[in-house]
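S.K.: Take a look and give me a structure for this.
(2 chains)
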Number of protein chains: 2
Amino acid sequence: MRAQKKSAPSNERLAEIYRTAAQIILRKGYDATSVNDIANALGMTKAGLYHYINGKKELLFDIMNFGLWELDEEVAAPARDIADPAARLRFIIGAHARLVTRGQGAITILVDEVTALTPAQQRKITQSKRKYFDFLRGTLDELKAAGKMQDVDATAAAFSLLGMINWLSRWFQQGRALKEEQAADEIVKIALHGLLRPSKLKAVDRNQ
Amino acid sequence: MRAQKKSAPSNERLAEIYRTAAQIILRKGYDATSVNDIANALGMTKAGLYHYINGKKELLFDIMNFGLWELDEEVAAPARDIADPAARLRFIIGAHARLVTRGQGAITILVDEVTALTPAQQRKITQSKRKYFDFLRGTLDELKAAGKMQDVDATAAAFSLLGMINWLSRWFQQGRALKEEQAADEIVKIALHGLLRPSKLKAVDRNQ
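M.R.: Have a look, this model is predicted:
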């Protein structure tokens, strides 16, 4: 059993509430968004919404936790079972990109808006993000040690990957989209051709 | 003479005001930031600051215009003089990355916060961003037509590049930095190895 399991939303309705609330908060800003705005967008009464949430202040933290829980559940946890680092990297990029394009886009951006949180909440969110970042960079370190990566800095590469993937959410929000699956595939292609040295080309590359 | 020239800040002091204001607005949010906060951070009186700005509402628009003017002046304009699309792409990525790491980071993020603007201001900013995006994608289209690009969608590639570059600003803000020049170089390497098919490897790639 994973520890993150306890952050799991009790049902799909809660996930929908988080995704919708994230979109409204992103559009209007956290301060300007009321619980009423969120209830209206969901076609619920304010009282009905309070059945699911504890208040606006807790909601922001809950949304971020949900986003990071989903990231662990759908990306990091299955990736940890993949022994080969190149296959693991391919899985991480594709699964993370699909998560962003499939509706988690607003949450992805919101996860960086930690300033409205309490210091304790900020630490918790930063810790979860750090854990994911370290996992991604660790995969790149493994690839580097195996001689399978281009000669680039692993930290820079990890940030570049996150930048490419997270930017997808803006792109999809703006409606200038490829199909979701296609976008995820393109990101995988661009990232892997940038990071992986195709083994059959090694000899040629060494002569450059 | 370029039309954008008229957006040029009259001096370095104005550029410093815009960069500092952008950092404060990002940290506190636009609504919670007062003109006093910005004046204090700059070590100026409020009256002194009003010598440079017309008010908080105009300031946000002015900061974005400044950021996009700098992008044109330091990246797009010199890039337009580079005939070879591969050399042009290399220049665009490096120059844009250096602009972000060198202190324009906060402005880079703020340029996406258009919701606080009037509709007319939003149109102006969106138009400038669009122009830059189209220029970048046009360079990728040229590379593709010349058979020098990997088999990836040019729009996806352009967004991926912008994601990598813009994410640098968060990374630098968070203080987990390589040296500025080194970060820009790494981004160039990662992006180019991902997008450009090295011509001497073409024959090998065709056999894959």
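
S.K.: so who does the nearest residue in space to residue A:27 that is not next to it in sequence touch?
M.R.: Nearest residue to residue A:27, sequence neighbours excluded (CB to CB, 6 or more residues apart in numbering or on different chains): residue B:115, at 6.4 Å. To be clear about C-beta, it is placed using only N, CA and C from the backbone, and glycine gets the same treatment. Contacts for residue B:115 (CB atoms under 8 Å, 6 or more residues apart in numbering or on different chains) come out as A:27, A:28, A:29.

S.K.: Show me which of those residues are buried.
M.R.: Neighbour counting by 16 or more other CB atoms under 10 Å in any protein chain shown classes residue A:29 among the contacts of residue B:115 as buried.

S.K.: Can you tell me which of the contacts of residue B:115 is nearest residue B:127?
M.R.: residue A:27 (20.6 Å; CB to CB).

S.K.: helix, strand or coil for that closest one?
M.R.: Recorded secondary structure, residue A:27: helix (DSSP: H, G, I helix; E, B strand; the rest coil).

S.K.: thinking again about what came up before, output the contacts of residue B:115 in JSON lines; the columns should cover pLDDT.
M.R.: JSON lines is the format used below for these (pLDDT from 0 to 100):
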{"residue": "A:27", "pLDDT": "76"}
{"residue": "A:28", "pLDDT": "78"}
{"residue": "A:29", "pLDDT": "75"}
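
S.K.: could you list every residue that touches residue A:154?
M.R.: Taking CB under 8 Å, 6+ apart, we find residue A:154 in contact with A:137, A:140, A:141, A:144.

S.K.: repeat for residue A:45
M.R.: For residue A:45, the contacting residues are residue A:39, by CB under 8 Å, 6+ apart.

S.K.: Just the pLDDT at residue A:26, thanks.
M.R.: Predicted confidence (pLDDT) for residue A:26: 78.

S.K.: Actually, residue A:200.
M.R.: At residue A:200, pLDDT is 40.

S.K.: The contacts of residue A:154: which two are farthest apart?
M.R.: Greatest spatial distance among the contacts of residue A:154 (CB to CB): A:137 and A:144, at 10.1 Å.

S.K.: Could you list the buried residues of the longest helix along chain A?
M.R.: What stands out as the longest helix in chain A, according to DSSP state H, is helix A:119-145. For helix A:119-145, a neighbour-count test (16+ other CB under 10 Å) marks A:121, A:124-125, A:128-129, A:132, A:135-137, A:139-144 as buried.

S.K.: Now do the helix or strand following that helix and helix A:119-145, the angle between them.
M.R.: Note on helix A:119-145: by DSSP states H and E, the next helix or strand toward the C-terminus is helix A:154-173. Calculated by axes from the mean of the first three to the mean of the last three CA atoms, to 10 degrees, helix A:154-173 forms an angle of 120 degrees with helix A:119-145.

S.K.: Spit out the contact partners of residue A:34.
M.R.: residue A:56.

S.K.: Quick check: phi and psi on it?
M.R.: phi -110, psi 160 (degrees, to the nearest 10).

S.K.: how near is it to residue A:59?
M.R.: 11 Å (CB to CB, to the nearest Å).

S.K.: try residue A:127
M.R.: Per CB to CB, residue A:127 is found 20 Å from residue A:59.

S.K.: One more: residue A:69?
M.R.: 15 Å.

S.K.: Name the residue in those two with the higher neighbour count.
M.R.: Taking neighbours as other CB atoms under 10 Å in any protein chain shown, residue A:69 and residue A:59 compare with residue A:59 leading, 22 against 18.

S.K.: tell me the phi and psi of the more buried one?
M.R.: The phi/psi pair for residue A:59 (degrees, to the nearest 10) is phi -60, psi -50.

S.K.: Leaving out the residues flanking it, which one is nearest to it?
M.R.: In space, residue A:59 is closest to residue A:53, 4.9 Å off (CB to CB, 6+ apart).

S.K.: Now do the same contact list for the one you found.
M.R.: Per CB under 8 Å, 6+ apart, neighbours of residue A:53: A:17, A:35, A:59, A:62.

S.K.: Low-confidence ranges, chain A, go.
M.R.: A:1-10, A:104-105, A:111, A:171-178, A:194-208 (pLDDT under 70).

S.K.: what about 80?
M.R.: The model of chain A has pLDDT under 80 over residues A:1-11, A:26-29, A:31, A:102-116, A:169-181, A:193-208.

S.K.: Just the residues contacting stretch A:182-194, thanks.
M.R.: Stretch A:182-194 is contacted by residues A:89-90, A:93-94, A:97-98, A:101, A:150, A:160-161, A:164-165, A:168, A:171-172, A:177-178, B:150-153, B:156-157, B:160, B:190-195 when judged by CB under 8 Å, 6+ apart.
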